[in-house]
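In: Provide a 3D model corresponding to the input given below.
(chains A and B)
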2 protein chains.
Amino acid sequence: MYLEKINGPEDIKKLSVEQLQPLADEVRTALINRLSKIGGHHGPNLGVVELTVALHYVFDSPKDKIVFDVSHQCYPHKILTGRKRAYTDEEYFSEVTGYTNPLESEHDFFIVGHTSTSVSLALGLAKGRDATGGNENIIAFIGDGSLSGGETLEALDFAGEYDKNLIIIVNDNDQSIAENHGGMYKTLKALRESNGEAENNIFKAFGLDYVYLDDGHNIKALVELLSRVKDTKRPIVVHIHTIKGKGLKYAEENREFWHAGGPFNIEDGSPKYKRENGDNIIYNSLKGLLEKDKTAVILNAATPSGLGFVGAERDKLEKEGRFVDVGIAEENAVAMASGIAKNGGRAVFGTFAPFFQRTYDQMSHDLCLNNSPATMLVLYPGVFGMNSNTHTAMCDIQMFAHIPNFVYLEPTTEEEYTAMFNFATTQTKNPIGLRITADLKSTGEKDETDYSDYNKNKVIQKGEKIAIFALHTLVDIALETAQKYKNKTGKEITVITPRFLTGLDTDLLENLKKDHELIITLEDGLVEGGYGQRISAFYGTDKIKTVNLGITKHFHTDFKPLELLAKCDISADGIIKIIEENL
Amino acid sequence: MYLEKINGPEDIKKLSVEQLQPLADEVRTALINRLSKIGGHHGPNLGVVELTVALHYVFDSPKDKIVFDVSHQCYPHKILTGRKRAYTDEEYFSEVTGYTNPLESEHDFFIVGHTSTSVSLALGLAKGRDATGGNENIIAFIGDGSLSGGETLEALDFAGEYDKNLIIIVNDNDQSIAENHGGMYKTLKALRESNGEAENNIFKAFGLDYVYLDDGHNIKALVELLSRVKDTKRPIVVHIHTIKGKGLKYAEENREFWHAGGPFNIEDGSPKYKRENGDNIIYNSLKGLLEKDKTAVILNAATPSGLGFVGAERDKLEKEGRFVDVGIAEENAVAMASGIAKNGGRAVFGTFAPFFQRTYDQMSHDLCLNNSPATMLVLYPGVFGMNSNTHTAMCDIQMFAHIPNFVYLEPTTEEEYTAMFNFATTQTKNPIGLRITADLKSTGEKDETDYSDYNKNKVIQKGEKIAIFALHTLVDIALETAQKYKNKTGKEITVITPRFLTGLDTDLLENLKKDHELIITLEDGLVEGGYGQRISAFYGTDKIKTVNLGITKHFHTDFKPLELLAKCDISADGIIKIIEENL
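Out: Model prediction:
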């Protein structure tokens, strides 16, 4: 047992090179222990065990600084830098997050969860080192999938002009989350197949030095190569071929499925809990559009299964050019959608809300300034979306709702989603976004709303004196509040959901003045700059009172949605208290 | 005279190849006529005269579609597509904008003003063509400087996998706005010097086909080459070497100065109006920081002279690595700034507000989530910034003010700027932005404010009943309003400027409740989701009235700031009317 003696990189250095593979095997066992019990990023971590052991053998972390990209492959690094019990002992599993985190260890430098940041951040550390007279090695550790993001490519270009120490480790397992997309992956393949000798080397084309290693699981070779590039005086790319999922046969074979997921039985990879099928509303709508509109093009950015497209059907649609995975390249996806719409095609781009953050300028300048009628599916923003500060998306309304020409719709039921999607993908008047939050339930009743009549809110129930405006995920809390209040006072509360987030229903708001005294807005993202403040502004000169509730301004993490909401007064009791204080 | 007979591309096709150079000469004369009289983008347009003539000779616009990037080099295109009198005849100069504009001509497809969009937008047009069964050529026309932007690089990667017609014309004049920066420019140089034969071709590395032409002013060669690639069945890069400023000796010689500018005397290039030196506040602050803090690193993104750094001083500081031009690559700049700050350096990044729009995710995830104490200089947002819809930046508060950990300061005087800059660049607590709007005048009095006491507003004058919160550029209108109101009623109005845009001065706001009845907020960007609505939300349950004034939600263009403001009720008369309606 080597791992039990490893409490930091200094302990690894006491081993001989021959002892590193047994250590790596123990690291892999620890990894599988945790992954099989609680899930996580399986493939990316299994693939970099040997490489991470070699890195910590050769370099002197934390003086030498490693920046992981996306950092979802940092589990072996955590195991080797004092956090092994979070992998070996179930009692301590909660001690680590799934990403690097400076609050956990001095060996971590950034909180990261969005791809394609490592080369830029490492360049920054390098420039900081230069400015302060340091001499440490700065290492960016990036997977091939993350190379396609604009931030990486900008940084590779800059690195090609930079003239001091920087080591860019490209961990090439020939796979993004799904398969890679983009021309560079053809030339990366040529490099792998030529032992790094092929022409038209993308890294050299950016002006960078370059070395290649084909067997990224040969620790001796890794140690030799890394020792050779250590203390390099100018930037160098170390291109290393690894096998995603290494060590678990089923993970090596089905790399997309094993990118990340839940607990599993080690012997055969069978899931411990049956994965929920989830709802297929989005998939069904996209599939329906492809069937009925021959000009439809569906775009995603490296998360095709997020839209429900997998296997042979996806392959076929990709070959036909109707389902397009742009890779990790959200900027390109939004701009392309604008172009498709301008040339008569029906473009729909969908990705997860945190990654839409990469597209503000494309949304504003490329899409909305040109008023291209493409459809954007913003998946799972708000407090019921992902709950790590690396992946929360609490500001989609702040980012997008003010952009001229944009129409941002939020459905609250499956039928509304369907009606809004059909509206968005048959009109030619505006770019339209659909804010898709958790748990769109079917009511069984078709939604016949005419969404071309912009900014009409939906009155769910009509009361008096008090009205609550609730975004979709908070409608239940609003109704619960209303019920409790009615039980207490016998009086009905009006409950409204806005449906349109890019404009106010001024007729309705005017009408409320007649018999309402207090308007409460509930939103599942930040309150500052959000939807509710627009309503407060509307009533600025009236005697009607307004209270805007939403998430406080902070990078909240690892929260339970209902608990965080309650802390922000969004619970039936919290809201009733506010009502009592203000009536 | 050929040009007089050219009313569209069909007329060019009537000429022989031999007649194209005389036509090009006339186009250049028309260009120089307009440029010398009212200024514009001199160098970029002079450099593409022959290329544009050849393009319209070979291709069939508007069926074949050309997407220009940034489109600041589209003047010859406009001359050749029915808009020549806007270049030849002063009376019609105002008929065209400086960028492509579908409202002007069917030969323009997008309104664009931000760089690095053409390949993405063209890919979109191409996919739209495929979806609708078209067969036209789609052409992206991009300068070498724009290649470094993440959106371009993402799109080149995608294009390398795309398998239908797309022609990417790289107009390589070996110059961005200033000199190019980034490793790819070394390999582009090698391509120019080897007649396109050098190894490590960045375009081929993205999987693209490639051809090169060294003399981009030889129309015959251009026509031959373009005819050869016309109707290509798969994407191809046509790399063409041109001379920026071609035809005006002084412009060819000093390419940065002649990138863009004002009217000049044709014979020697001397400016018709002396360029204002402008204020040197920003330059002085940066220079001072570099002198007193050896860890300081100043970053810019292809607009170094926007920060006041030119000539030999800039060259020296760049060699020392203390003044860093990342090229057109704002994402990389913000992420690098975060890294520099994390490793003990003092990073300041400054660029124009519209281009900060490209960095939302880096601002939020790379910088603020990591709470890296770097300083961001956001130059000239708001209605007094640039006034073309391609370059306005009316939403910087919407974009950035809600981001946790970020502190966004707005100075109203030169001394405040200096004090805020000094505070920002000596603290280690937060990422700080400075919102720098027009015309920071000196008061002669040192600003001794302690800006570490966050969110304290500045009360410019104390009155009663009415308070106006005005952003810097609107303080004068607020004071004028107060004076007029006093003249009329004898009563003083309170005038406040927020200084902090990322939080409210709740003590002050509480205090105002005592003797104020109406609060009016004035902002120089969009009112929706802006600063003022935060104040309305604060007073939601109080009897104090609030009115939020700001720019209406629209991509306003070609406006006069005071006129647009007045239309939005922001004028002394407009505000007094609102006061009278509400008191």
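
In: So for residue A:274, what pLDDT did the model give?
Out: Reported pLDDT at residue A:274 in the predicted model: 70.

In: so is it in a helix, a strand, or just coil?
Out: State at residue A:274, reduced to three classes by DSSP: H, G, I helix; E, B strand; the rest coil: coil.

In: try residue A:56
Out: helix.

In: I'd like to know how far the closest residue in space to it that isn't next to it in sequence sits from chain B.
Out: Nearest residue to residue A:56, sequence neighbours excluded (C-beta to C-beta, 6 or more residues apart in numbering or on different chains): residue A:9, at 4.2 Å. From N, CA and C alone the C-beta is placed, and that goes for glycine too. To chain B, residue A:9 is 19 Å away according to C-beta to the nearest C-beta, to the nearest Å.

In: residues touching residue A:9, list them.
Out: By C-beta atoms under 8 Å, 6 or more residues apart in numbering or on different chains, the contact list for residue A:9 reads A:56, A:57, A:59, A:60, A:61, A:80, A:81, A:107.

In: Then residue A:579?
Out: A:466, A:485, A:518, A:520.

In: Show me which of the contacts of residue A:9 is closest to residue A:269.
Out: The nearest member of the contacts of residue A:9 to residue A:269, counting by C-beta to C-beta, is residue A:80 at 25.5 Å.

In: Kindly list the main-chain dihedrals of the closest one?
Out: Residue A:80 adopts backbone torsions of phi -90, psi -10, taken as degrees, to the nearest 10.

In: again with residue A:128
Out: Per degrees, to the nearest 10, the backbone of residue A:128 is at phi -60, psi -40.

In: Dihedrals phi and psi, the residue nearest to residue A:56?
Out: phi -60, psi -30.

In: if I look at the residue nearest to residue A:381 when sequence neighbours are not counted, how far off is residue A:500?
Out: Distances taken as C-beta to C-beta, 6+ apart place residue A:353 nearest to residue A:381, at 3.5 Å, with adjacent residues excluded. Plainly put, residue A:353 is 18 Å away from residue A:500 if you go by C-beta to C-beta, to the nearest Å.

In: Check what contacts the longest helix along chain A and list those residues.
Out: Secondary structure assigned by DSSP state H gives helix A:20-38 as the longest helix of chain A. When contacts are defined by C-beta under 8 Å, 6+ apart, helix A:20-38 is touched by residues A:1-3, A:6, A:12, A:15, A:40, A:42, A:45-46, A:49-50, A:52-54, A:57, A:75-76, A:79-80, A:84, A:86-88, A:90, A:93, A:219-220, A:223, A:246-248, A:262-266, A:272.

In: Rounded mean pLDDT for that helix, please.
Out: The model assigns helix A:20-38 a mean pLDDT of 98.

In: Go ahead and measure how far the next helix or strand after that helix is from the middle of the chain.
Out: Following helix A:20-38 in sequence order, the next helix or strand is helix A:42-46 (DSSP states H and E). Here helix A:42-46 is found 18 Å from its chain centre; the criterion is C-alpha atoms, centre = their mean, to the nearest Å.

In: How about stretch A:463-474?
Out: 30 Å.

In: got the CA positions of it in CSV?
Out: Below are the C-alpha coordinates for stretch A:463-474, written out as CSV (Å, rounded to 0.1, in the frame of the first residue of the first chain):
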residue,chain,number,x,y,z
GLY,A,463,-57.9,37.4,-5.6
GLU,A,464,-57.8,40.9,-4.1
LYS,A,465,-55.5,43.2,-2.3
ILE,A,466,-52.5,41.0,-2.8
ALA,A,467,-50.9,39.7,-6.0
ILE,A,468,-47.9,37.4,-6.3
PHE,A,469,-46.0,37.3,-9.5
ALA,A,470,-44.1,34.0,-9.6
LEU,A,471,-41.7,32.5,-12.1
HIS,A,472,-42.5,29.0,-13.1
THR,A,473,-40.6,27.1,-10.4
LEU,A,474,-42.1,29.3,-7.7
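
In: who does the lengthiest strand in chain A pair up with?
Out: For chain A, the strand that runs over the most residues, judged by DSSP state E, is strand A:516-526. Using DSSP bridges, the strands paired with strand A:516-526 are strand A:465-470 (parallel), strand A:545-551 (parallel).

In: Report the mean per-residue pLDDT for it.
Out: Rounded mean pLDDT across strand A:516-526 is 98.

In: Write out the residues of the stretch 401-550 of chain A neighbouring chain B.
Out: A:401-405, A:526-530, A:532-534, A:536-537, A:539-541, A:543, A:545-548 (C-beta under 8 Å from any C-beta of the partner chain).

In: I would like a PyMOL command selecting only the buried ones among the residues you listed, please.
Out: Buried subset of these, written as a PyMOL selection, criterion 16 or more other C-beta atoms under 10 Å in any protein chain shown:
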select buried, chain A and resi 401+402+403+404+405+526+527+528+529+530+532+533+534+536+537+539+540+545+546+547+548
